[in-house]
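J.: How does the following fold in three dimensions:
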Amino acid sequence: MATQSSTEITEGRAVLGIELGSTRIKAVLIGPDHGVLATGGHTWENQLVDKLWTYSLDDVRAGLQDAYAQVAAAVRDQHGVELTRLAGLGVSAMMHGYLALDADAELLVPFRTWRNTNTGEAVEQLSAALDFNVPHRWSIAHLHQAVLDGEEHLPRLATATTLAGYVHHALSGEHVLGVGDASGVFPIDSATGTYDAERLATAQRVLAEAGFTGQLTDVLPRVLSAGEVAGHLTEAGARLLDPSGALQAGAPLCPPEGDAGTGMVATGSVAPRTGNVSAGTSIFAMVVLEGPLSQVHRELDLVTTPAGDPVAMVHCNNGASELNAWAGLFKQFAAAAGSPLGDAEVFRTLFEASLEGAADGGGMLAYNYLSGEPITDLEEGRPLFLRTPGSPFDLSTFMRTQIYAAFATLRIGMDVLTAEGVRLDRMFAHGGVFGTKGVAQRHLAAAIDTPVSVGDVAAEGGAWGIAVLAAFTAARATSGGAGEQRALATYLDETVFADAQLETLEPDADDVAGFDAYLRRYVEALPVERAAVEHS
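T.: From the prediction side, this is the model:
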């Protein structure tokens, strides 16, 4: 007997979202009510090749197919039908970086990810010329650095895009970006919803003076906003996702977005005075602004929501990877002691222990820098753990220190927003570190002295967020554009999150004072981290 879900799937009313994160490619199929029907995932990892962080595009293709195959298998097993048609499709991925393609969309140099900080000279020149903070990881910074370095691939460069843009093109044949992802490529003018024309002309002059012969207006992908149709799934795209041939072409695609934008959608944080923190390999906060900031700040990226509204982004290259490494070490110890534990139990035990630790870190200090960290002016990183000779050395405080380390650099950037008078009504948190109830949430509330909410709104993360954006596009496209007319923020509030269940923790005064004391020591001891980079 057919169920409502199986009927929705067979009638082609389900929507697929795919997000290529730093450690996992995830696919989520949702129904018309935005509820999850099936999921699939593929684990992958970046590689350091010739001192640059990259991912193989063979791994991109294999990961897409694996994640989709798991979704199709879940549909078959859980709903008793085959997945053959989609109402919509969306792709999201890690923002920024540099994928240089020739006229045939072939890769010219290995994909350079957001994690690379080798663009210092380009950043200095562009930031000064544009009167705008251009971060190291932005696509325009990578392009200009390639020009400064005289790289041989530049005469054949036809398109410079992001990972989401690359995958979107492979599925649809369209070289476009969602405005949120595009805002990690080049500065956006929120009034026009596309690249800032005046700054684009300035950048063209700066790059030309350095020897660039192309036209930025030709090289950069076209910009679209949430709700616009960004092409349709081609036969080649359908076969890329589903080599079995079951998936039909033709589904509309929403504009490809970055993981920052899908995090905003997944937490319903696209309206002014809302924000979210996403913690993974990197950690970043997105705060939707009410108006312009008073000046340029090196610690802040000015990006946009998927609808084009201005956002201040505090992006830290180093997030939870060092926490994961310590958890792995304790897991090995448990196994060696004859009491093996699963990953979830290890994390729960260690995180819950941190609640009993000294609020100020008890003389312990940690830096989680596996890579460079622009906010603290480090082009490379070295993970460090330090303690004073007389400090107590207990598991609870050690773990609190490690979690604090994941939030310390984020707090430095958030302090800049506070000084600008930016205020938040709500801050949502999502990512694996918040999986242990009430732990990282409590520590983050202390770090930013703001109530922090978690809940089922981001249970499937950015893959669900891009699926929601694809559903929004599909709704807008209904009846030749006579369908959904509400703005994205209203659509999310009234349709997607109307019944969302949230748990909010207020910052504890003692925790706030303790984190402040920890951060003072953290900043004072940064020369130790710099010395470790210089001498190792």
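J.: Walking through the stretch 401-536 of the chain, point out its strands one by one.
T.: 426-431, 452-455, 502-505 (DSSP state E, counting those that start in this stretch).
J.: contacting residues around the first one?
T.: Spelled out, that is strand 426-431. 263, 266-269, 273-280, 283, 285, 319-320, 440-441, 444, 448, 450-455, 457-458, 461, 502, 504 (CB atoms under 8 Å, 6 or more residues apart in numbering). Every residue, glycine included, has its C-beta placed from N, CA and C.
J.: Please work out how many residues are found near Pro292.
T.: Other residues lying near Pro292 total 10 when counted by other CB atoms under 10 Å.
J.: and if you look at Asp394?
T.: Neighbours of Asp394 using other CB under 10 Å come to 15.
J.: for it, what are its contacts?
T.: Asp394 touches Gly357, Gly362, counting by CB under 8 Å, 6+ apart.
J.: returning to what we had before: weed out the non-buried ones from the contacts of strand 426-431.
T.: Buried members of the contacts of strand 426-431, counted by 16 or more other CB atoms under 10 Å: 263, 266-269, 274-280, 283, 285, 319-320, 440-441, 444, 448, 450, 452-455, 457-458, 461.
J.: for the stretch 351-500 of the chain, what spans make up the helices?
T.: Assigned by DSSP state H, counting those that start in this stretch, the stretch 351-500 of the chain shows helices spanning 395-419, 440-448, 461-477, 488-491.
J.: Contact partners for Gly237?
T.: Gly237 touches Ala170, Leu171, Ser172, Gly173, Ala249, counting by CB under 8 Å, 6+ apart.
J.: go on, Gly319?
T.: Contacts of Gly319 by CB under 8 Å, 6+ apart are Ala279, Gly280, Thr281, Ser282, Ile283, Asn368, Ala406, Gly431, Val433.
J.: next one: Gln402
T.: Counted by CB under 8 Å, 6+ apart, Gln402 has contacts Glu322, Leu323, Trp326, Ser354, Ala366, Asn368, Phe385.
J.: Got a ChimeraX select line for the buried ones in the residues you listed?
T.: Burial among those is assessed by 16+ other CB under 10 Å; the matching ChimeraX selection reads:
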select :322,323,326,354,366,368
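J.: now the contacts of Gln402 as a markdown table including distance to Leu89 and pLDDT?
T.: Shown next, in a markdown table, are those (distance: CB to CB, whole Å; pLDDT from 0 to 100):
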| residue | distance to Leu89 | pLDDT |
| --- | --- | --- |
| Glu322 | 35 | 96 |
| Leu323 | 33 | 95 |
| Trp326 | 38 | 97 |
| Ser354 | 40 | 98 |
| Ala366 | 41 | 97 |
| Asn368 | 36 | 97 |
| Phe385 | 44 | 97 |
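J.: if we take the contacts of Gln402, which one ends up nearest to Asp149?
T.: Nearest to Asp149 among these: Asn368, at 29.8 Å, using CB to CB.
J.: Report the secondary structure element holding the closest residue to the closest one other than its chain neighbours.
T.: Ranked by CB to CB, 6 or more residues apart in numbering and with sequence neighbours excluded, the top spatial neighbour of Asn368 is Glu322, at 3.8 Å. For Glu322, the host element (DSSP states H and E) is helix 321-336.
J.: which residues sit against that helix?
T.: 281, 340-341, 343, 346-347, 350, 366, 368, 370, 383, 402-403, 405-406, 433.
J.: Also compute the angle for it relative to helix 440-448, please.
T.: 140 degrees (axes from the mean of the first three to the mean of the last three CA atoms, to 10 degrees).
J.: Going by neighbour count, list what's buried in helix 321-336.
T.: For helix 321-336, by 16+ other CB under 10 Å, it's Ser321, Glu322, Leu323, Asn324, Trp326, Ala327, Phe330, Lys331, Ala334.
J.: go on, stretch 191-203?
T.: Gly193, Thr194, Tyr195, Asp196, Arg199, Leu200, Thr202, Ala203.
J.: which residues are contacting it?
T.: So stretch 191-203 is in contact with 126, 129-130, 132, 140, 144, 179, 182, 186-189, 216-217, 220, 223, 225, 308, going by CB under 8 Å, 6+ apart.
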